[in-house]
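Visitor: with the sequence up front, the predicted model follows.
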Amino acid sequence: MKFLKSGLAVAMAAFMGIAASQAVAADAKFADNLRVVIGSKSTGGDTYQNSAIVAQALGEKLGINVKVDAVGSSAAFKALARISNGSTIMIFHDQSYLGYLYGVKGYFDIFDDFIVGPTIAINPGNAYLVPKSSPYKTIEDIIQACAKDTKIRVAIQPGGVSEIGYSALKNAIKLRYPGKEGNLVAVNTGSQSDKNQLLFDGQADLIQGSVQANEQYTQLPAEDQKAMRFVWLTAREETIKQTKPEGMGSTTQAHLLDFVSPKVSVTLDGKQDFTFDKEFFFLYNKKMDPALIEVLDKALGEIYAEGKIQEVQKNSFFIPNFKPSAEASAYLKDKMEKYEGIIKSIH
Amino acid sequence: MEFISYLTPMFFALVGFGVVVGIIFGAIPGMTATMAVAVCLPMTYGLDLTNGLALLLGLYVGGISGGLVPAVLLNIPGTPSSITTTFDGYPMTQKGEGERALKTGITSSLFGGLFSAIVLFFFAPSLADVAIKFSYVEKFLIILFALTVIASLSRNLLLGIFSGVLGVWFSLIGSYDISSGGNGEYRLMTDAMVPYLESGFSLLPVLIGLFGLGTILQEAQKGIKEEVGKGKKLELNGGTSFSLSVFKGQIVNLIRSSGLGTFVGMLPGVGGSAASVLAYTQQKNFSKHPEKLGKGAPEGVIASESSNNGLTGGALIPLLSLGIPGDSTTAVLIGAFTLQGIQLGPLFIGNNLDTWNTMMVALVFANLVMFVVMFFAIRTIVKVITIPKYLLYPGIIMMCVVGAYAINFGIMFDVWTLLFFGLFGFLGQKVGLEVAPFIIGFILGKQAEVYFVKSLESFGTLTIFFTKSPIAMVLWVLILISVVFSIYGMIKQKKNNNNKEA
């Protein structure tokens, strides 16, 4: 009888607990205004563009105002760390953990300090370019030049997305021609404009750029000082295959595929090629109510299930890539560990 | 001519609306053209590209132009590029020529805006090819050229140069940002200051603090007795009234200043403030009466305003011909294109002739609307100075504080920056600090550092600054001429003063 009584009490308590948590989930609701801070200060860049698309859809779905503020990574992390009630959330991309891996001041381990939320899209455009008149026509030419002790200068913005391809290329040279990786030299610079300028001035042999920003330069005649040539896109083949067949500008999807693995090989470990998709995802305050996170996961799930947002994203050369919080967090953690290995191997 | 079908009443209404909102943003201390465009960017989601751009270009032109109103009437530059407007605009107001100063400024703005629109329309692609000849070295020399203004602006050469260098020093506080290709290391501060100053002091709170709050504190020190007791207040039209004759003998000034504005605008990364500073220096160097500049000479307002509106067309040159923004406002404009899926780059104009033509119509129309709206609203706007200062200044302080808080989306430290620099400007002037050279040093310091360091990193030798290209050599000659003119002007003025005293 005693056993029955205590069993009943446990069952009752469990029931009440579940009921209470379900009630919280059902009651969890965002306030009328949701602020999305982003890790970029630019309202002309891909982070803002992507965030604006998702914010608009979320606002309509949840019936609230969702405002994107381009505050930059430092201010965004601070705001996110300060506000735990769910009124401020963040959207950023792989820079958020690459900055930490490269030891950039103002970056932390996002997996320790924040909650990593759902992924929403990929920008497949991360690219490397040479002048059209360059003797190096492919990334293999560049690797071979380094192997023959020719210095190759690569213009990048240090400490993140712009650098990871350079690090991977250095790693690949180290694996294939040990001791020759020092011939690949980074020229640290800032904006895309500065990187282009270094190429025009002959102060860089290779620059990091993007399909979106540089495609038109690849259409210029070779005698034009500004003419460039793609030699490598870091995106996965599957990612590029999801772009529209017409690709970007005058470069079709089929042509873009000529610059990704397996056609262009930069080895990761001697067995498989290095690839990098720039992915956008949500970040939350560590103490944010899990029920609110669930609300966002559910709302985004429904938005992506409806299928309209994919069209908008693809029109802006983004690849839709929704993964709910738990799946996204595990996936991004794996991704971070993979790149950590590369960075450690060349430093 | 298919683009004519895009020119609907809605199109023109949006340009007009943009201009009016832009002028309001530009005229409120602490709000800028960049903010106006950024705030209204989401409004363009529901519009097509042509109408969206119509609105944004209206905001851009209005925002840049509106800055002259507080610069002239209150000695507070509404936007960073109207700093040099305060040098002569405010003294004109003090002489009772506020309306004349504003009308001179607005007419010059119209000239500068239309000049740059014409240059943009006819020469954009070829000028973009010229712009890419300016590497780190040449950009550093342009900034150095702009810094020579410090010599000609100083009342006391030594204190002026000291103030300028102090401004440069303040601009370097914070990290050497990795987004400029730096190492991200913090400098010139203690660890405790890192959470506040990792990105350094924001420009706008410093600017409004020094000019706005500094001026208000000086006025406050005088007290309100004088104003209330004697009923003395600034007259609306006490001096010479405006007529087009103010431009007599100023055609060269107008063309040179508009040209400099357009030219600096098309160099990405050099920034708008450098344009008006350069134009103002050159006018002072070439003026028949350089001693009058800084004391209420209309030619100073003409140089400053024609150059900062010349910037509008100039900054669009690299945007539309290279896909690279020429200044912070055009960087926001990129958003309008990318959100509509339009690719910017060297082929943009050829691939999008209709968009290009409608943009040109919007730009010209925005300048005309700006002129009409401001010219006829002046009679009302200028009445601001008749408001007793003890009522006006608290309102301005409130706007300054709100503007400073909002500029980086709600950072309280920016408000403290405003107050600190207000006090710094007020107390500094008592010990001889010169505000104008300080702020010019502050604005140009960071860019000068980046371009200097990057030049050395790229070429590895100091001699590159002299030998990089014929452009570099020409710039050195201009820098030397500017310095020599400034010193010569100062010696001449001293002699004149001595003669007068004798």
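Guide: Perfect, I can see it now. Numbering: from 1, shown residues only, chains lettered A, B, ... in the order given.
Visitor: where does the stretch 151-300 of chain B dip in pLDDT?
Guide: Confidence mapping of the stretch 151-300 of chain B against pLDDT under 70 gives the ranges B:224-239.
Visitor: please redo it, this time with the cut-off set to 50
Guide: For the stretch 151-300 of chain B, applying pLDDT under 50 flags the ranges B:228-233.
Visitor: do a quick rundown of the helices in it.
Guide: For the stretch 151-300 of chain B, the helices defined by DSSP state H, counting those that start in this stretch cover B:157-171, B:194-197, B:203-208, B:214-222, B:225-230, B:251-265, B:272-286, B:298-322.
Visitor: kindly report the same for chain A.
Guide: Applying DSSP state H to chain A gives helices spanning A:2-27, A:46-62, A:73-82, A:95-101, A:110-113, A:139-147, A:161-176, A:192-200, A:211-214, A:237-241, A:253-256, A:290-306, A:308-315, A:325-346.
Visitor: might you report the residue contacts of the residue of the stretch 1-150 of chain A found nearest chain B?
Guide: Nearest residue of the stretch 1-150 of chain A to chain B: residue A:44, at 3.0 Å (Cβ to the nearest Cβ). C-beta: built from backbone N, CA, C; applies to glycine. Applying Cβ atoms under 8 Å, 6 or more residues apart in numbering or on different chains to residue A:44 gives the contacts B:325, B:331-335, B:337-338.
Visitor: give me the pLDDT value at the closest residue to it other than its chain neighbours.
Guide: Of all residues not flanking residue A:44 in the chain, residue B:334 sits nearest, at 3.0 Å (Cβ to Cβ, 6 or more residues apart in numbering or on different chains). The score at residue B:334 is 83. That number is its pLDDT.
Visitor: would TSV of the helices of chain A with mean neighbour count be doable?
Guide: TSV is the format used below for the helices of chain A (neighbours: other Cβ atoms under 10 Å in any protein chain shown):
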stretch	mean neighbour count
helix A:2-27	10
helix A:46-62	22
helix A:73-82	20
helix A:95-101	24
helix A:110-113	15
helix A:139-147	19
helix A:161-176	23
helix A:192-200	24
helix A:211-214	26
helix A:237-241	17
helix A:253-256	16
helix A:290-306	17
helix A:308-315	16
helix A:325-346	16
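Visitor: residue contacts, the spatially closest residue to residue B:160 that is not a sequence neighbour?
Guide: Computed as Cβ to Cβ, 6+ apart, the closest residue to residue B:160 that is not its neighbour in sequence is residue B:154, at 2.1 Å. Residues in contact with residue B:154, defined by Cβ under 8 Å, 6+ apart, are B:160-161, B:163, B:434, B:437.
Visitor: cool, and residue A:94?
Guide: By Cβ under 8 Å, 6+ apart, the neighbours of residue A:94 are A:160-161, A:164, A:276, A:278-279, A:335.
Visitor: could you do residue B:127 as well?
Guide: B:119, B:266, B:317, B:321.
Visitor: shaky segments in chain A?
Guide: Using pLDDT under 50, chain A drops low at A:1, A:3, A:16-25.
Visitor: domain ranges for it?
Guide: Domain ranges of chain A: A:31-124+A:278-346, A:126-259, per automatic domain parsing.
Visitor: longest strand in chain A, by residue count?
Guide: strand A:114-123 (DSSP state E).
Visitor: same for it, what does it pack against?
Guide: Here strand A:114-123 touches helix A:46-62, strand A:88-93, strand A:278-285, helix A:290-306, strand A:319-323, helix A:325-346, going by 3 or more Cβ pairs under 8 Å, 6 or more residues apart in numbering or on different chains; DSSP states H and E.
Visitor: tabulate the helices of chain A (CSV), appending distance to chain B.
Guide: What follows is these, written out as CSV (distance: least, Cβ to the nearest Cβ, whole Å):
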stretch, distance to chain B
helix A:2-27, 29
helix A:46-62, 5
helix A:73-82, 6
helix A:95-101, 8
helix A:110-113, 15
helix A:139-147, 20
helix A:161-176, 10
helix A:192-200, 4
helix A:211-214, 6
helix A:237-241, 17
helix A:253-256, 14
helix A:290-306, 16
helix A:308-315, 5
helix A:325-346, 15
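Visitor: any idea how far stretch B:250-258 is from the chain center?
Guide: 17 Å (Cα atoms, centre = their mean, to the nearest Å).
Visitor: for that stretch, buried residues please.
Guide: B:250, B:253-254, B:256-258 (16 or more other Cβ atoms under 10 Å in any protein chain shown).
Visitor: which residues touch it?
Guide: B:108, B:111-112, B:115-116, B:247, B:279, B:282-283, B:286, B:298-299, B:302-304, B:306-307, B:309-310.
Visitor: so how do I select the buried members of the residues you listed in ChimeraX?
Guide: This is the ChimeraX syntax for the buried subset of these, where burial follows 16+ other Cβ under 10 Å:
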select /B:108,111,112,115,116,247,279,282,283,298,299,302,303,304,306,307,309,310
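Visitor: residues contacting residue B:49?
Guide: B:336-337, B:340, B:342, B:355.
Visitor: can you rerun that using 6 Å?
Guide: By Cβ atoms under 6 Å, 6 or more residues apart in numbering or on different chains, the contact set of residue B:49 is residue B:340.
Visitor: likewise the one 5 residues further on?
Guide: With contact taken as Cβ under 6 Å, 6+ apart, residue B:54 is in contact with B:11, B:14-15, B:362.
Visitor: next one: residue B:194
Guide: The contact partners of residue B:194, by Cβ under 6 Å, 6+ apart, come to residue B:186.
Visitor: how close does it get to residue B:348?
Guide: As judged by Cβ to Cβ, to the nearest Å, residue B:194 and residue B:348 stand 42 Å apart.
Visitor: returning to that earlier point: distance-wise, check the residue of the stretch 1-150 of chain A closest to chain B relative to residue A:38.
Guide: Going from residue A:44 to residue A:38 by Cβ to Cβ gives 12 Å.
Visitor: list the buried residues for the longest strand of chain A?
Guide: For strand A:114-123, by 16+ other Cβ under 10 Å, it's A:114-123.
Visitor: of the contacts of residue B:154, which is the nearest to residue A:213?
Guide: If you rank the contacts of residue B:154 by distance to residue A:213 using Cβ to Cβ, residue B:437 comes first, at 37.8 Å.
Visitor: and the closest one, how many neighbours?
Guide: Neighbourhood size, residue B:437 [other Cβ atoms under 10 Å in any protein chain shown]: 27.
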